[in-house]
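Visitor: show me the folded form of this:
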Amino acid sequence: MNEPKRIVVKVGSSLLTDQVRLTPRWGFMQRVLEDIALLRDEGYEVVLCSSGAVALGMRMIDVTPATAGLRDKQAAAACGMPLLLDAYKHIGHQHELDIAQILVTLGDFEDHARFLNTKNTVHRLLDAGVLPIINENDTITTEEIRVGDNDRLAAKVAQMIQAQDLVILTSVDGLYDKNPSEPGAKLVETVHDVSQYLAVTSEVSELGSGGMLTKMQAANMAQNAGCNTLIANGEVESPISSVLKGERPCTTCVAFDEPLTSWATWLTNRLQMAGSIVISTEAADAIDRGERGIDRYDVRSVTGNYVKGDVLHVYDEAGVERARGMTDFSSEQTAILIRNLDTPVKSLLGYQSRGVLIEKTNLATLDSRQIQWKPQALAAE
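Guide: Numbers count the residues shown, from 1 in each chain. Down below sits the predicted model:
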């Protein structure tokens with residue numbers, strides 16, 4: 001039996017919401033769900049990552065995108081989510097689509113146990129023929145603990161369900177080599193190395209939380225998981241299937257031929273940096289060769305306030321990010337261990353340990369295919 005064709009579709013607030021009236025764009029939602037119903041009839045399994053709740057709830061609490069603060073947006077999300085789901089439910093019923101809502105937070109992707117629990121829920125819904133609609137739980141998240149954009153959230157979902165394609169619908173035909181409004185701007189139809197285009201992708205719409213930069217970051221995450229990313233204009237008939245069938249212009253970020261394992265993908269595709277360590281160049285080279293993990297004697301400095309089980313970004317002494325790995329110690333314990341190298345671990349922590357901060361099996365090295373994070377991206381303690 002052939003494996004089902006799995007796709008993740010991401011739609012943003014600027015497409016779902018009338019930017020003046022802050023009401024649902026029923027015609028657009030109708031086209032999207034009708035297209036999803038047709039794709040399911042063709043054997044696709046579809047997951048929809050949808051923004052829109054915050055924008056739809058703003059009128060109820062009398063704020064606008066320009067005036068809303070964090071508490072306003074949290075309250076607006078609580079008001080707007082029933083409106084968004086009611087619209088999806090109403091339109092889905094017309095196409096015999098059963099829908100389910102999954103609200104996630106950053107921790108549901110960054111904590112491995114919660115990641116697996118979320119994955120199991122999505123798969124169970126797909127097995128039952130239900131369309132999962134996934135969104136960040138904006139009612140409870142703050143800037144420090146939120147994913148922040150649904151582009152990368154969708155890429156994590158694509159990784160989670162091992163999707164073949166991630167379709168990101170936006171207000172332009174795809175990635176351009178410069179601002180699309182500038183004369184001579186050309187559509188980039190195929191992307192193999194997203195890092196070449198990061199410098200021209202910084203703009204964000206008023207309603208949305210992500211611009212083309214987050215789409216490129218999401219595309220890189222999907223590439224690492226063996227998933228193509230197609231970025232296309234959503235303002236057309238059959239907005240999803242027409243892209244999948246190559247019937248109109250778009251930008252395709254091509255999946256890598258040899259994707260990472262699911263474990264290495266989870267380790268390397270981070271949404272936020274929990275913490276970082278700098279290790280000796282000698283140790284970094286040994287990790288590259290797959291020879292060992294990271295011992296306390298290798299560490300030169302520690303940044304961030306993290307706990308056991310968090311994934312750390314690992315840099316060499318030249319400031320180059322070399323790996324990411326799941327730590328067996330908190331930042332406080334790590335600081336104690338590296339400041340007292342001559343003292344046995346048991347004397348420092350009260351229990352016996354080899355003092356290996358990150359085991360070899362919990363490390364994934366980085367290569368040129370992955371976007372590296374700069375050390376200063378993490379605020380100091």
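Visitor: could you pull out the strands for the stretch 1-150 of the chain?
Guide: Taking DSSP state E, counting those that start in this stretch as the criterion, the stretch 1-150 of the chain carries its strands at 5-11, 44-50, 99-104, 131-136.
Visitor: got a list of what residue 153 touches?
Guide: For residue 153, the contacting residues are 10, 49, 104, 109, 134, 136, 147, 271, by CB atoms under 8 Å, 6 or more residues apart in numbering. Using the backbone N, CA and C atoms, a C-beta is placed for each residue, glycine as well.
Visitor: pretty sure the fifth one sits against residue 157.
Guide: It refers to residue 134. Yes - at 5.9 Å, residue 134 counts as touching residue 157 under the criterion of CB atoms under 8 Å.
Visitor: okay, who's weakest in the contacts of residue 153 by pLDDT?
Guide: For those, the weakest pLDDT value sits at residue 147, with 69.
Visitor: before we move on, back to that, can you put the strands of the stretch 1-150 of the chain in CSV and add mean neighbour count and distance to residue 342?
Guide: Formatted as CSV, the strands of the stretch 1-150 of the chain follow (neighbours: other CB atoms under 10 Å; distance: least, CB to CB, whole Å):
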stretch, mean neighbour count, distance to residue 342
strand 5-11, 24, 51
strand 44-50, 23, 51
strand 99-104, 17, 45
strand 131-136, 22, 47
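Visitor: low-confidence regions, the stretch 201-350 of the chain specifically.
Guide: 201-210 (pLDDT under 70).
Visitor: mind listing the helices for it?
Guide: Under the criterion DSSP state H, counting those that start in this stretch, the stretch 201-350 of the chain contains helices at 212-224, 241-244, 262-268, 281-288, 331-339, 345-349.
Visitor: state which helix of the chain is the longest.
Guide: helix 70-94 (DSSP state H).
Visitor: I would like the residues contacting that helix, please.
Guide: Defining contact as CB under 8 Å, 6+ apart, one finds that helix 70-94 is touched by 16, 24, 26, 29-30, 33, 50, 52-58, 60-61, 63, 68, 98-99, 101, 103, 131, 133, 135, 137-143.
Visitor: go again with 6 Å.
Guide: Residues outside helix 70-94 that contact it (CB atoms under 6 Å, 6 or more residues apart in numbering) are 24, 29-30, 33, 52-54, 56-58, 60-61, 63, 99, 101, 138-139.
Visitor: over to stretch 260-276?
Guide: Under CB under 6 Å, 6+ apart, the answer for stretch 260-276 is 106, 109, 147, 152, 159, 221, 224-225, 303-304, 306, 310-313, 324, 331, 364, 378.
Visitor: just stretch 357-377 next, same as before
Guide: 195, 220, 256, 264, 267-268, 288, 292-294, 296, 313, 315, 319, 321, 323-327, 329.
Visitor: drop anything exposed from those residues.
Guide: Using 16 or more other CB atoms under 10 Å as the burial test, the contacts of stretch 357-377 include 220, 256, 264, 267-268, 293-294, 296, 313, 315, 321, 323-327, 329 as buried.
Visitor: show me these that map onto strands.
Guide: With strands identified by DSSP state E, the entries of the buried ones among the contacts of stretch 357-377 that belong to them are 294, 313, 315, 321, 323-326.
Visitor: what sits in contact with each of residue 134 and residue 157?
Guide: Contacts common to residue 134 and residue 157, judged by CB under 6 Å, 6+ apart, are residue 49.
Visitor: beta partners for residue 11?
Guide: residue 50, residue 169 (DSSP bridges).
Visitor: tell me the spacing between it and residue 136.
Guide: Using CB to CB, to the nearest Å, we find residue 11 at a distance of 14 Å from residue 136.
Visitor: likewise for residue 36?
Guide: 21 Å.
Visitor: just residue 174 next, same as before
Guide: From residue 174 to residue 136 the distance is 24 Å (CB to CB).
Visitor: show me what contacts residue 287?
Guide: residue 323.
Visitor: what's the spacing between it and residue 244?
Guide: For residue 287, the distance to residue 244 - CB to CB - is 39 Å.
Visitor: what do you get for residue 178?
Guide: Distance, residue 178 to residue 244, by CB to CB: 27 Å.
Visitor: who's more crowded, these two?
Guide: Higher neighbour count among residue 178 and residue 244: residue 244, with 21 against 12, using other CB atoms under 10 Å.
Visitor: shaky segments in the stretch 1-150 of the chain?
Guide: Residues of the stretch 1-150 of the chain that meet the cut-off, pLDDT under 70, sit at 1-2, 141-148.
Visitor: could you find the closest non-adjacent residue to the spatially most central residue of the chain?
Guide: Computing the C-alpha centroid of the chain and ranking residues by CA atoms, centre = their mean puts residue 152 first, at 2.5 Å. Excluding the flanking residues, the one nearest residue 152 by CB to CB, 6 or more residues apart in numbering is residue 218, at 4.8 Å.
Visitor: neighbours around that neighbour, how many?
Guide: 28.
Visitor: hang on, isn't it packed against residue 157?
Guide: No - under the criterion of CB atoms under 6 Å, residue 218 makes no contact with residue 157, lying 10.2 Å away.
Visitor: any idea how far residue 364 is from the nearest residue to residue 319 once chain neighbours are set aside?
Guide: Counting by CB to CB, 6+ apart, residue 375 is the residue found nearest to residue 319 once chain neighbours are left out, at 5.7 Å. Remark: distance between residue 375 and residue 364 (CB to CB) = 18 Å.
Visitor: show me which of the two is the more surrounded one.
Guide: Using other CB under 10 Å as the criterion, residue 375 and residue 364 rank with residue 364 on top: 23 against 16.
Visitor: show the end-to-end separation of stretch 295-313, please.
Guide: From its first residue to its last, stretch 295-313 covers 15 Å (CA to CA, to the nearest Å).
Visitor: fine by me, thanks again.
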